[in-house]
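Trainee: Quick check, what structure comes out for this input:
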Amino acid sequence: MDFLDELKTLKEQVLIGDFFKVPEHFNNIVIAGMGGSGIVGKLFSELYHIKPVICLDDYNIPEFVDKDTIFIGISYSGNTEETISCTSEALKKGAHVFIVTGGGKLSQMSENTIIIPSGLQPRSALGYMIMPLLNTFLHMVPERRERLSELLGAVDNHHEEAIELGKRIALERKIPVIFGFSPFRYVAYRWKTQFNENSKLLAISNYFPELNHNDTMSLRDTYLKDDFFFITFGGSTEKISKRIQATEKVTSTQFFMVHPLGTDDIEKMFYLIHFGDYMSFETALSREVDPGDVSSIEDLKRLIK
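Mentor: Sure thing, here's the model as predicted:
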């Protein structure tokens, strides 16, 4: 399966109905994952607000993890050493441990494990990894999953704007700067990492209103401004919309705005994610680089073994 075919599987991925049987009472949710697997917890944390959600991207877990914690380890390969380390610690602390993985060592660490289809790049398996969480905690019934799948299928068929942006970033040799806002802060981060891995480009992400307390100064006075391409999203609240407009005015910076389609935050989030998939893919093609190549990451893993 080539990389474009991988992108097109997202509409099938979101149809899976797997879910966990979690305890009725718990105090917090701790999610461990790295890279293309780690983005799952970050995106979920922007959609679920009933209990605290903590996302880990390191070797250790917080001291507060205990028998009243739901711990979720996510690793597409099942062999991510940081996630295995966190899962081992969570088990020792008596947490309720759940796993989402395509196999590997992680799949043997808990009886509460959902095995998802393997064979993709981790960043191309986002739907497989996040749907068990959405099904469990946000009750994604079949009708909602089908509607989401139809939306993503429409993106597969019509993503001309994403292609145009991807080509423009490549041909103008720009560094993408993506500014999000809640609940799409981590969509901006996802776009950054897709440019990193797919397009082999450095990229920057931040979010409103936080960036107005730091980035605003550099936007006004940076001497490298012409090297950047600034992007944000449409559909913000009135307060955030005012901040975007004011930021453009006081810094003399123009943001290209991508408007999400969808009837709720989940659909809009997935729309933007898939838009970013195609945009970064087109940037890779225009730069004549292989979007599936992660050889430098694999070289690094061998060096630290």
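Trainee: Going by C-alpha atoms from here, please, whenever you check contacts or count neighbours.
Mentor: Fine.
Trainee: which residues in the stretch 201-305 of the chain form strands?
Mentor: Using DSSP state E, counting those that start in this stretch, the strands of the stretch 201-305 of the chain run over 204-208, 228-233, 256-258.
Trainee: got JSON lines for those strands, with mean pLDDT, mean neighbour count and distance to A125 too?
Mentor: Below are those laid out as JSON lines (pLDDT from 0 to 100; neighbours: other CA atoms under 10 Å; distance: least, CA to CA, whole Å):
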{"stretch": "strand 204-208", "mean pLDDT": "98", "mean neighbour count": "20", "distance to A125": "22"}
{"stretch": "strand 228-233", "mean pLDDT": "97", "mean neighbour count": "20", "distance to A125": "24"}
{"stretch": "strand 256-258", "mean pLDDT": "98", "mean neighbour count": "15", "distance to A125": "23"}
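Trainee: could you dump those strands to JSON lines with distance to H159?
Mentor: Listed next are these as JSON lines, based on distance: least, CA to CA, whole Å:
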{"stretch": "strand 204-208", "distance to H159": "22"}
{"stretch": "strand 228-233", "distance to H159": "16"}
{"stretch": "strand 256-258", "distance to H159": "12"}
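Trainee: wait, which of those strands is closest to K239?
Mentor: strand 204-208 (10.0 Å; CA to CA).
Trainee: which outside residues touch the closest one?
Mentor: Contacts to strand 204-208, defined as CA atoms under 8 Å, 6 or more residues apart in numbering, come from residues 175-182, 185, 188-189, 192, 240, 243-244.
Trainee: What about these, which one has the most neighbours?
Mentor: Greatest neighbour count in those, by other CA atoms under 10 Å, goes to F179: 27 neighbours.
Trainee: What's the mean pLDDT across the helix or strand where that one lies?
Mentor: In the assignment (DSSP states H and E), F179 maps to strand 175-181. Confidence over strand 175-181 (mean pLDDT, whole number) is 98.
Trainee: Near G102, how many other residues are there?
Mentor: Neighbour count for G102, taken as other CA under 10 Å: 25.
Trainee: Could you do I54 as well?
Mentor: Look at I54: counted by other CA under 10 Å, it has 16 neighbours.
Trainee: Would you mind confirming that it makes contact with I31?
Mentor: Yes. The criterion here is CA atoms under 8 Å, and I54 meets it with I31 at 6.2 Å.
Trainee: what residues are shared contacts of those two?
Mentor: Counting by CA under 8 Å, 6+ apart, nothing touches both I54 and I31.
Trainee: Show me the helices in the chain, by range?
Mentor: 3-8, 10-13, 35-45, 81-92, 126-137, 142-157, 160-171, 185-197, 215-221, 238-251, 265-287, 295-303 (DSSP state H).
Trainee: Could you list every helix and strand that the helix or strand of the chain with the lowest mean pLDDT packs against?
Mentor: Least confident helix or strand of the chain, by mean pLDDT, DSSP states H and E, is helix 215-221 with a mean of 88. Counting contacts by 3 or more CA pairs under 8 Å, 6 or more residues apart in numbering; DSSP states H and E, helix 215-221 is packed against helix 238-251.
Trainee: Can I get the least confident helix or strand of the chain as CSV, trimmed to CA atoms?
Mentor: Provided in CSV are the C-alpha atoms of helix 215-221 (Å, rounded to 0.1, in the frame of the first residue of the first chain):
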residue,chain,number,x,y,z
ASP,A,215,4.7,35.1,19.7
THR,A,216,3.0,38.4,19.0
MET,A,217,6.3,40.3,19.6
SER,A,218,8.3,38.1,17.3
LEU,A,219,5.6,38.3,14.6
ARG,A,220,6.0,42.1,14.6
ASP,A,221,9.8,42.4,14.5
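Trainee: what's the spacing between that helix and its chain's center?
Mentor: Averaging C-alpha positions (CA atoms, centre = their mean, to the nearest Å) puts helix 215-221 26 Å from its chain's average.
Trainee: Please apply the same query to stretch 212-226.
Mentor: 26 Å.
Trainee: Kindly report the same for stretch 219-231.
Mentor: 25 Å.
Trainee: go on, stretch 35-46?
Mentor: From the chain centre to the centre of stretch 35-46 is a distance of 5 Å (CA atoms, centre = their mean).
Trainee: How about it, which residues are buried there?
Mentor: Within stretch 35-46, the residues scored as buried using 16 or more other CA atoms under 10 Å are 36-46.
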